[in-house]
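> coordinates only, no sequence provided:
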């Protein structure tokens, strides 16, 4: 059947910002099959790259690397999360060589969280240490993404020290950053302004907002409590008022996140990174309503 595209929609698709997607490595064959289906659906967005998360202390390394291989085999650029806490230089060197052999050109360099009961050993204490080591070992082979925290890292001594920590990662060789998810656009814009005031050339090191679709009130509360992301009071109260009404939670969450994307792009955000939670429907619905996806 021949489809006739809407000229205005086609123009919007052509003008959409660069998009990227994050997945986590599945733990079961059923999860792997569901993730493959979700990826295939999301490839309609033509993402710049897809990133794959990495567990505490590298606990999911095999799953991460296998998922990265699958994405590369599907013809899409893949970025492996790469955490360093507790690692030796030799181990990191081996992993970098493995990633290079796989054809990976992009990394998300993180300090990472220690598994429970694990000591604070290892050659790397900060993500900036890892970034500097990757540059020393591999030159410009990898495009290095780092994390950014518009609402301040939960373990930071102060907002000022958090800004300095980010600046250190950039000066160590980071190419760009992806933020922790947030629902207050002003926090993102203030973060960018403060980095400008520090003398960082922000346009040359794009700070891409990380976007978490809202599909479950309890899941969002749990994630946010664990990672320090703020849920604005008005959003929290509305979500709580819906109780177990899943349809209303999803409809409200869709409205909130779609509006957030519009605000960020209107204010100059260079791209959008979606934390998909291995689901395709919420991200696709947001992008469709923003005019970034036909059909």
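Received it, and whenever you're ready, just let me know what you need. Because the structure is predicted, anything quoted here is derived from the model rather than measured.
> now the phi/psi pair for residue 236, please.
The phi/psi pair for residue 236 (degrees, to the nearest 10) reads phi -60, psi -50.
> once you drop chain neighbours, what's closest to it?
Ranked by C-beta to C-beta, 6 or more residues apart in numbering and with sequence neighbours excluded, the top spatial neighbour of residue 236 is residue 221, at 7.7 Å. In this view, the C-beta of every residue, glycine as well, is placed from N, C-alpha and C.
> report the buried residues of stretch 164-184.
For stretch 164-184, the neighbour count (16 or more other C-beta atoms under 10 Å) marks 165-170, 172-184 as buried.
> isn't the residue nearest to residue 236 right next to residue 235, touching?
No: the criterion here is C-beta atoms under 8 Å, and residue 221 misses it with residue 235 at 10.7 Å.
> can you pick out the residue with more neighbours from those two?
residue 235 (18 against 14; other C-beta atoms under 10 Å).
> any stretches of this structure with poor pLDDT?
Across the chain, the stretches falling below the confidence threshold (pLDDT under 70) are 1-14, 55-59, 113-121, 294-295.
> any chance you could map the helices in it?
All helices of the chain, identified by DSSP state H, fall at 7-15, 29-42, 61-73, 89-102, 127-138, 159-172, 185-197, 217-227, 233-241, 246-266, 281-289.
> who wins for proximity to residue 54 among the ones you listed?
Taking C-beta to C-beta as the criterion, helix 61-73 is the member of these that comes nearest to residue 54, at 5.1 Å.
> packing partners of that closest one?
Secondary structure elements in contact with helix 61-73, counted by 3 or more C-beta pairs under 8 Å, 6 or more residues apart in numbering; DSSP states H and E, are helix 29-42, strand 49-52, strand 78-83, helix 89-102.
> so what touches that helix?
Residues from elsewhere that reach helix 61-73 (C-beta atoms under 8 Å, 6 or more residues apart in numbering): 23, 25-27, 35-36, 39, 50, 52-55, 77-81, 95, 98-99, 102-104.
> which of the residues in it are buried?
Of the residues in helix 61-73, those scored as buried under the neighbour-count criterion (16+ other C-beta under 10 Å) are 61, 63, 64, 65, 67, 68, 69, 70, 71, 72.
> between those residues, which is nearest residue 159?
For residue 159, the closest of the buried residues of helix 61-73 turns out to be residue 64, at 31.3 Å, with distances computed as C-beta to C-beta.
> state the distance from that closest one to residue 212.
Using C-beta to C-beta, to the nearest Å, one gets 20 Å for the distance from residue 64 to residue 212.
> same question, residue 62
Relative to residue 212, residue 62 is positioned 26 Å away (criterion: C-beta to C-beta).
> swap in residue 158?
The spacing between residue 158 and residue 212, counted by C-beta to C-beta, is 26 Å.
> neighbour-wise, which of those two wins?
Counted by other C-beta under 10 Å, residue 158 and residue 212 do not tie: residue 212 has more neighbours, with 24 against 9.
> show me what contacts that one?
Residue 212 makes contacts with 181, 220, 223, 229, 257, 274, 275, 277, as judged by C-beta under 8 Å, 6+ apart.
> give the burial count for the third one, as a bare number.
Put plainly, it is residue 223. The number of residues packed near residue 223 is 16, by other C-beta under 10 Å.
> so it makes contact with residue 229?
Yes: because the distance of 7.2 Å satisfies C-beta under 8 Å, residue 223 is recorded as touching residue 229.
> on that earlier part again, among the helices of the chain, which comes closest to residue 111?
Between residue 111 and the helices of the chain, the tightest spacing by C-beta to C-beta is seen for helix 127-138, at 4.4 Å.
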